[in-house]
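Visitor: fold the following for me, if possible:
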Amino acid sequence: MNDSLAKTDEANVVIRCRNLGKTYREGDLVTPVFENLQLDVMKGETVAIVGASGAGKSTLLHLLGGLDSASSGEVSVAGQAMSSLSDAQRGLLRNRALGFVYQFHHLLPEFTALENVMMPLLIVGESVAKARPKAQALLDRVGLTHRLGHKPGELSGGERQRAAVARALVTRPACVLGDEPTGNLDEKTASNVFELMIELNREIGTALVLVTHDRRLARRLDRTLELTQGRLHPLSTLD
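Guide: The predicted model follows:
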């Protein structure tokens, strides 16, 4: 095996991909993105994925999260192969085992911060009475106690992103996938949000896989992988 594959404790693997490949086809045009990628993400681990624009970082994250289908190989989440599941089953697995944070918060504009963070719990059938205190506790933890009743349009960029982090973690997922989660923030706010995600990772034990162009931030994670020329390469040090 090649790329980033390492010897692992099977019981602690939260995301695994084997021989993963993605190719886009449009008419006669065939565009390979990557092939034969190997990756294990362990419970509680923090992983940065860096690389040039267009290298396929976001595509890889979408495959890991079951938001897109691989052209070859397999992705497993919490021991379940994504290809063996129906669309409905994949949706349930994503909501139970994964959290997502994007460059843009994707909060629902018609709902308050509290309602947005409650949403993943309500989707899986948890009652409002049970979901509300869990969502409020996380919003308190990310410093939004005074913003529970505010809608996204009434929040600053940093506040919206902190609410998005709380939403991603409210189900206590096995792993959070972040696609440039601080890329739309100023340097100070980005650093604060990034540090918050690391702190919550340590407290809750949720693994993090973050795509970032900021190598200074990537240094703060356990492991850094570079996606280049269709391959994942582990980096021990960053320029």
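
Visitor: which residue ranges of this protein form strands?
Guide: 13-26, 29-42, 46-50, 72-77, 80-81, 98-102, 175-179, 207-211, 223-228, 231-235 (DSSP state E).

Visitor: what's stretch 23-36 in contact with?
Guide: Applying C-beta atoms under 8 Å, 6 or more residues apart in numbering, the contact partners of stretch 23-36 are 2-3, 19-22, 56, 59-60, 71-73, 227, 230-232. Bear in mind the C-beta positions are built from the backbone N, C-alpha and C, glycine included.

Visitor: most neighbours of all these, which one?
Guide: Within the contacts of stretch 23-36, neighbour counts (other C-beta atoms under 10 Å) peak at residue 60, which reaches 29 neighbours.

Visitor: quick revisit: could you identify the most distant pair in the contacts of stretch 23-36?
Guide: 2 and 59 (19.2 Å; C-beta to C-beta).

Visitor: residues contacting the most centrally placed residue in the chain?
Guide: Nearest to the mean C-alpha position of the chain, by C-alpha atoms, centre = their mean, lies residue 177 at 0.7 Å. Taking C-beta under 8 Å, 6+ apart, we find residue 177 in contact with 61, 64, 65, 98, 99, 100, 101, 209, 210.

Visitor: ends of stretch 180-193, what's the gap?
Guide: 12 Å (C-alpha to C-alpha, to the nearest Å).

Visitor: apologies, that question was intended for stretch 47-62.
Guide: Per C-alpha to C-alpha, stretch 47-62 runs 15 Å from first to last residue.

Visitor: quick one: contacts of it?
Guide: 20, 22, 33-34, 37, 41, 68, 177, 179, 207-213, 215, 217-218, 221-228, 230, 232, 235, 238.

Visitor: rerun that using 6 Å as the cut-off
Guide: With contacts defined as C-beta atoms under 6 Å, 6 or more residues apart in numbering, stretch 47-62 is touched by 22, 33-34, 41, 68, 177, 179, 209-212, 218, 221, 223-228.

Visitor: got the phi and psi for the residue located most distally from the centre of the chain?
Guide: Relative to the centre of the chain, the most outlying C-alpha is that of residue 28, 33.2 Å out, by C-alpha atoms, centre = their mean. Backbone torsions of residue 28, given as degrees, to the nearest 10, read phi -90, psi -10.

Visitor: residue 65 now?
Guide: When read as degrees, to the nearest 10, the backbone of residue 65 gives phi -90, psi 0.

Visitor: what about it, how many neighbours?
Guide: Per other C-beta under 10 Å, the neighbour tally for residue 65 reads 24.

Visitor: which residue is the nearest non-sequential neighbour of it?
Guide: residue 177 (5.0 Å; C-beta to C-beta, 6 or more residues apart in numbering).

Visitor: now the helices: where do they sit in the protein?
Guide: Residue ranges of the helices in the chain, as given by DSSP state H, are 57-64, 87-97, 113-123, 128-141, 157-169, 187-204, 215-218.

Visitor: closest one of the contacts of stretch 23-36 to residue 145?
Guide: Closest to residue 145, out of all of the contacts of stretch 23-36 and judged by C-beta to C-beta, is residue 60, at 36.0 Å.

Visitor: so how far is residue 198 from that closest one?
Guide: Residue 60 is 21 Å from residue 198, where distance means C-beta to C-beta, to the nearest Å.

Visitor: neighbours around residue 188, how many?
Guide: Look at residue 188: counted by other C-beta under 10 Å, it has 9 neighbours.

Visitor: what does residue 125 give?
Guide: There are 7 residues near residue 125, going by other C-beta under 10 Å.

Visitor: got the phi and psi for it?
Guide: With angles defined as degrees, to the nearest 10, residue 125 sits at phi 100, psi 10.

Visitor: thank you kindly, that will do.
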